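Peer 1: Need a 3D model of the following:
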Amino acid sequence: MVLLRLQKRLAASVLKCGKRKIWLDPNETNEISNANSRKNVQRLIKDGLILRKPETVHSRARALRFAAARRKGRHTGMGKRKGSANARMPEKILWMRRLRVLRRLLRKYREAKKIDRHLYHELYHKSKGNVFKNKRVLMEFIHKRKAERARSKLLTDQAEARRTKVKAARNRREERVAAKIAEQIAQHTAEDAVATKKTAEKKADKGDKKKKETKK
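Peer 2: Numbering: from 1, shown residues only. You can find the predicted model right below:
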């Protein structure tokens, strides 16, 4: 049997691969054994007596299929678990995710002028204090608080309007009473003036009669 170690080494050098990737035609061993230079090896490669084997395929199909099944929740039973629940998905990571979701929502609402900075500050601290379980609970709280504020504002406005109306009615009533009193005073004054005038006239008449009697 002819040793083709030299030819294999030269072919690997020419083709820039490992010796295990070189294929030598078993039917042309004599011709291949005569090639003792790179030039002769290149000629044999051109003729097809020496070939480079294709790359070995390491298929990912099974791994991809398994990963897709894991995403659906398959292969995750008790027998597949190695660490504790906290090791597999730390509570801190879950807390960070939840808090970031809540803070992102608060920031978005504040920038959109849906909440003012005072309510933002209050809800920020409530979120940090674990008051809200998720985004839906926080949104419900915001809507409830805004409805309460609107209702209290409406009630305040109504009370203010009622106070203004009552005050205006009281002022009108006081003005009417004052006008009535002034009218009564004027009437009494006129009556007194008339009575005084009549009394003066009567006195004048009596005086005239006495003068006439004395003359007679």
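Peer 1: For the residue positioned nearest the centre of the chain, which non-adjacent residue is spatially closest?
Peer 2: Centroid-nearest residue in the chain: residue 105, 1.9 Å away (criterion: Cα atoms, centre = their mean). Closest residue in space to residue 105, ignoring its immediate chain neighbours: residue 135 at 5.6 Å, by Cβ to Cβ, 6 or more residues apart in numbering. No exception for glycine: its C-beta is placed from N, CA and C like everyone else's.
Peer 1: contacting residues for the one you found?
Peer 2: By Cβ atoms under 8 Å, 6 or more residues apart in numbering, residue 135 lies in contact with 101-102, 105.
Peer 1: Am I right that residue 133 falls within a strand?
Peer 2: No: per DSSP: H, G, I helix; E, B strand; the rest coil, residue 133 lies outside any strand segment and is coil.
Peer 1: So what's the residue count around it?
Peer 2: 10 (other Cβ atoms under 10 Å).
Peer 1: For it, give its distance to residue 102.
Peer 2: Taking Cβ to Cβ, to the nearest Å as the criterion, residue 133 is separated from residue 102 by 10 Å.
Peer 1: cool, residue 67 as well?
Peer 2: From residue 67 to residue 102 the distance is 31 Å (Cβ to Cβ).
Peer 1: who's more crowded, these two?
Peer 2: A side-by-side neighbour count of residue 67 and residue 102, using other Cβ under 10 Å, places residue 102 first with 22 against 11.
Peer 1: what's the closest non-adjacent residue to that one?
Peer 2: residue 127 (4.4 Å).
Peer 1: In terms of pLDDT, where does the one you found sit?
Peer 2: With respect to pLDDT, residue 127 scores 97.
Peer 1: and the gap between it and residue 104?
Peer 2: 11 Å.
Peer 1: Looking at those two, which one has more neighbours?
Peer 2: Higher neighbour count among residue 127 and residue 104: residue 127, with 18 against 11, using other Cβ under 10 Å.
Peer 1: Touching, that one and residue 105? I think so.
Peer 2: No: Residue 127 is beyond contact range of residue 105, at 9.1 Å (criterion: Cβ atoms under 8 Å).
Peer 1: Are there residues contacting both of the two? Which ones?
Peer 2: Taking Cβ under 8 Å, 6+ apart as the contact rule, residue 127 and residue 105 both touch residue 138.
Peer 1: which residues touch stretch 165-177?
Peer 2: With Cβ under 8 Å, 6+ apart as the test, stretch 165-177 has no contacts from any other residue.
Peer 1: Angles on the backbone of residue 51, please.
Peer 2: The phi and psi torsions at residue 51 (degrees, to the nearest 10) take the values phi -130, psi 160.
Peer 1: can you pull out the helices in this protein?
Peer 2: 5-15, 29-33, 38-47, 61-72, 85-88, 91-111, 117-128, 135-215 (DSSP state H).
Peer 1: quick one: the residue lying closest to residue 36 once chain neighbours are set aside from residue 27, how far?
Peer 2: Once flanking residues are discounted, residue 36 sits nearest to residue 6: 6.6 Å by Cβ to Cβ, 6+ apart. Residue 6 is 19 Å from residue 27, where distance means Cβ to Cβ.
Peer 1: got the angle between the worst-scoring helix or strand of the chain on mean pLDDT and helix 117-128?
Peer 2: None of the helices or strands of the chain scores lower by mean pLDDT, DSSP states H and E than helix 135-215, at a mean of 88. Orientation check (axes from the mean of the first three to the mean of the last three Cα atoms, to 10 degrees): helix 135-215 against helix 117-128 gives 140 degrees.
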